[in-house]
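Student: When you get a sec, could you give me coordinates for this:
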Amino acid sequence: MLVLAGIAGTGIAHGITDIPVPARQIILAASCILTGLLLPGMADSRSPFLELSLARWCVLTAAASFLLMMPYAFRTAQLVNSVYVSLGVFILLLLLCSLLLLAHALLGDEPTAALLVILLASACSTAPLWLGPLAELAGSNQTLVDAIVAISPLSYLALLADYDYLRSAWFYQHSPFGSLRYNYPSTLSLTSAYLTLTALLLAARWQLQRKGRQVSGHLHDYSA
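Tutor: Model (predicted):
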């Protein structure tokens, strides 16, 4: 169902004509990330070249997202933004897949791990909505308001698409950010944070598997 939701998001971005081009790019990117995370073909957790397999899958998904954005690349700026947003798809999908693999290693149950990753990603993406009342109450606390904006991966995609999505008509109606002063984080800082977190997740999974192999080896020695 979630895969179908991702595909449906792609259809919405193509089908509704009054959505600005950058907003379409963001919808397509989010749909590709969701679909790429859940479709069969993601890196096999048992592969001896896991990181390479994972990166290849993310590259393929990012390339697919770029192809889907091509109908909107009428001007040079839109073409450049499509490239940037596709890179954002690669980075965010790599992060989520790394988190999924670690959760799978910890829980031993892939459906449960996938559900937890989807819930976490959804909570972060919609933070400006459900944390909007808190931002409104703490409007004088600029650090808190900016942190709520930075939490959402949509903010990262919006930066890459050069689009202030929080002041779009829909968000203006459903969140208080249209009347608040806020600042987006820099693209470089978010990219660095996402890549660092991805590396830490992969390292944690590798360490977990290493300890598991050591325990299995000790048990085998005792049984022998």
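Student: Before we move on, what's the pLDDT of the most centrally placed residue in the chain?
Tutor: By C-alpha atoms, centre = their mean, the chain has its centre lying nearest to L92, at 3.8 Å. pLDDT for L92: 97.
Student: Touching, it and L154? I think so.
Tutor: No - the pair L92 / L154 is not scored as a contact, 10.0 Å apart, by C-beta atoms under 8 Å. For the C-beta atoms, the positions are set from N, CA and C on the backbone; glycine is no exception.
Student: what about this structure, any weak spots by pLDDT?
Tutor: Low-confidence segments of the chain, defined by pLDDT under 70: 1-18, 40-49, 73-76, 212-224.
Student: Now do the strands in it.
Tutor: Ranges of strands within the chain: none, based on DSSP state E.
Student: can you give me the helices for it?
Tutor: Assigned by DSSP state H, the helices in the chain fall at 2-15, 21-38, 50-69, 76-107, 110-125, 127-130, 132-137, 142-151, 153-161, 169-174, 187-223.
Student: Let's have those helices in CSV, adding distance to L180.
Tutor: Putting the helices of the chain into CSV (distance: least, C-beta to C-beta, whole Å) gives the following:
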stretch, distance to L180
helix 2-15, 27
helix 21-38, 20
helix 50-69, 30
helix 76-107, 24
helix 110-125, 19
helix 127-130, 10
helix 132-137, 6
helix 142-151, 6
helix 153-161, 14
helix 169-174, 11
helix 187-223, 20
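Student: what's the burial count for V89?
Tutor: Residues lying near V89 (other C-beta atoms under 10 Å) number 27.
Student: nope, T196 is what I was after
Tutor: Neighbours around T196, by other C-beta under 10 Å: 11.
Student: now F177
Tutor: Neighbourhood size, F177 [other C-beta under 10 Å]: 22.
Student: How about it: what's its closest non-neighbour residue?
Tutor: Counting by C-beta to C-beta, 6 or more residues apart in numbering, F177 lies nearest to L166, which is 4.2 Å off, once chain neighbours are set aside.
Student: Tell me if I'm right that the one you found and H174 touch.
Tutor: No - applying C-beta under 8 Å as the test, L166 and H174 come out as separate, 10.5 Å apart.
Student: Please say which of these two ends up with more neighbours.
Tutor: For L166 versus H174, neighbours defined as other C-beta under 10 Å are more numerous around L166 (21 against 12).
Student: quick one: contacts for that one?
Tutor: Counting by C-beta atoms under 8 Å, 6 or more residues apart in numbering, L166 touches P128, V149, S155, A158, S175, F177, G178, Y182.
Student: Could you report the neighbour count for the fourth one?
Tutor: Which is A158. Using other C-beta under 10 Å, A158 has 24 other residues around it.
Student: do the last one as well
Tutor: By other C-beta under 10 Å, 19 other residues sit near Y182.
Student: Also the fifth one?
Tutor: The criterion is other C-beta under 10 Å. On that basis, S175 has 22 neighbouring residues.
Student: show me what contacts it?
Tutor: P128, L129, G132, L166.
Student: same deal with the last one?
Tutor: Taking C-beta under 8 Å, 6+ apart as the definition of contact, the neighbours of Y182 are A135, Q142, V145, D146, V149, L166.
Student: Equivalent analysis for L190, please.
Tutor: Contact analysis of L190 by C-beta under 8 Å, 6+ apart lists A150, S155, Y156, L159.
Student: could those residues go into CSV alongside distance to G36 and neighbour count?
Tutor: Output for the contacts of L190, formatted as CSV (distance: C-beta to C-beta, whole Å; neighbours: other C-beta atoms under 10 Å):
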residue, distance to G36, neighbour count
A150, 23, 19
S155, 20, 23
Y156, 16, 23
L159, 20, 21
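Student: That's all I had, so thanks and see you.
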